[in-house]
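[1] predicted model and sequence follow; I will ask about them next.
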Amino acid sequence: MSQQQIEQFFQKTVESLIPLVLDIGGKLLGALALWIVGRMIISAVRRLVRRASEARKVDSTLVRYLDSVVGVLLQILLIIAVLGVFGIQTTTFAGLLAAAGVAIGMAWSGLLSNFAAGVFLILFSPFKVGDRIAAAGVLGAVHELGLFVTAIDTDDGIRVYVANNKLFSDNITNFSSNPFRRVDMGAQLAHGVNPIEAANRLKKRLSEISDVLKDPAPMVEIDKFNMAGTVLLVRAYTHDRTYWNVYFAMTQAIADEFTKAGYPTPAEHRVNVAK
């Protein structure tokens, strides 16, 4: 091949590639611009949805769930629009997506069951964001109810993601639903200690604990007897968020009052009967 033929070959190749490069480059730039603008629009729409929901005082759990649903749907539409820039027929893509959805649904039925469980959790509202619950072996405060999983922050500061279907199929204990919780503990008295006097001391002390509710009123009653003496039932009521504050304040109150009164240390008494 002569030098002239080689030059002609390269010239034709360049001439044929330039339109292709310009076409692909233009589509890439258009797709990139569409993606950036689309992401901005999606963020704006999600903000509007959140603000509108908050203005109507919609429950925060439902607001976050709607935000997730809207975000996912708009992302799918944006991807379809970007593919359309490259000449891919969106109707064909939608058909393929539907077919793929059926196949994925059959293979990942558990994922769809988690989505359905999330919808039912929203409808029946056994808990909301911020509530402290115990379910599926996890105890903590609900951080977020998502499309497929619920995020729970445990009392020791660990975030656990629990499948919605597992939550929905399990017993759910909501510690935040009612206005107060009961705090019970026993106070062991030694033999010879007047239980009525000890109970009156503790009642007075319980009324001085700031987080103990006045209604229902705290109570101290004789619970049972054992080999060490009388056992008092010490009971108070408080909000769930202050449960442990009251619990430890009650143990401190029992120790302080019994020490001030000079009560002896309880010890078991056994009588040996000679045969």
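    Nice, I can see it.
[2] hang on, Phe175 packs against Phe127?
    No: using CB atoms under 8 Å, Phe175 makes no contact with Phe127, being 9.6 Å away. The way it works is simple: take the backbone N, C-alpha and C, and place the C-beta from them, glycine included.
[3] more neighbours, the two?
    Phe127 (24 against 17; other CB atoms under 10 Å).
[4] against Ser43, how distant is the more buried one?
    As defined by CB to CB, to the nearest Å, Phe127 lies at a distance of 28 Å from Ser43.
[5] cool, and Leu112?
    28 Å.
[6] the stretch 51-200 of the chain: helices as residue ranges?
    Here the stretch 51-200 of the chain has its helices, by DSSP state H, counting those that start in this stretch, at 60-85, 90-107, 109-124, 164-168, 195-206.
[7] next, the angle from the first one to helix 109-124.
    Between helix 60-85 and helix 109-124, the angle formed by their directions is 130 degrees, by axes from the mean of the first three to the mean of the last three CA atoms, to 10 degrees.
[8] what average pLDDT does helix 60-85 get?
    Across helix 60-85, the average pLDDT comes to 74.
[9] that helix: how far from the chain's middle?
    Here helix 60-85 is found 22 Å from its chain centre; the criterion is CA atoms, centre = their mean, to the nearest Å.
[10] what of stretch 51-71?
    Relative to its chain's centre, stretch 51-71 lies at 16 Å (CA atoms, centre = their mean).
[11] adjust the sequence numbering to begin at 102 for everything that follows.
    Happy to do that; since the first residue is 102 now, the last one works out to stretch 152-172.
[12] hmm, back to that, find residues that contact each of Phe276 and Phe228.
    Overlap of the contact sets of Phe276 and Phe228 (by CB atoms under 8 Å, 6 or more residues apart in numbering) consists of Ile234.
[13] what's the model's confidence in the one helix or strand Ser144 maps to, averaged?
    Per DSSP states H and E: Ser144 is located in helix 104-156. For helix 104-156, the mean pLDDT works out to 72.
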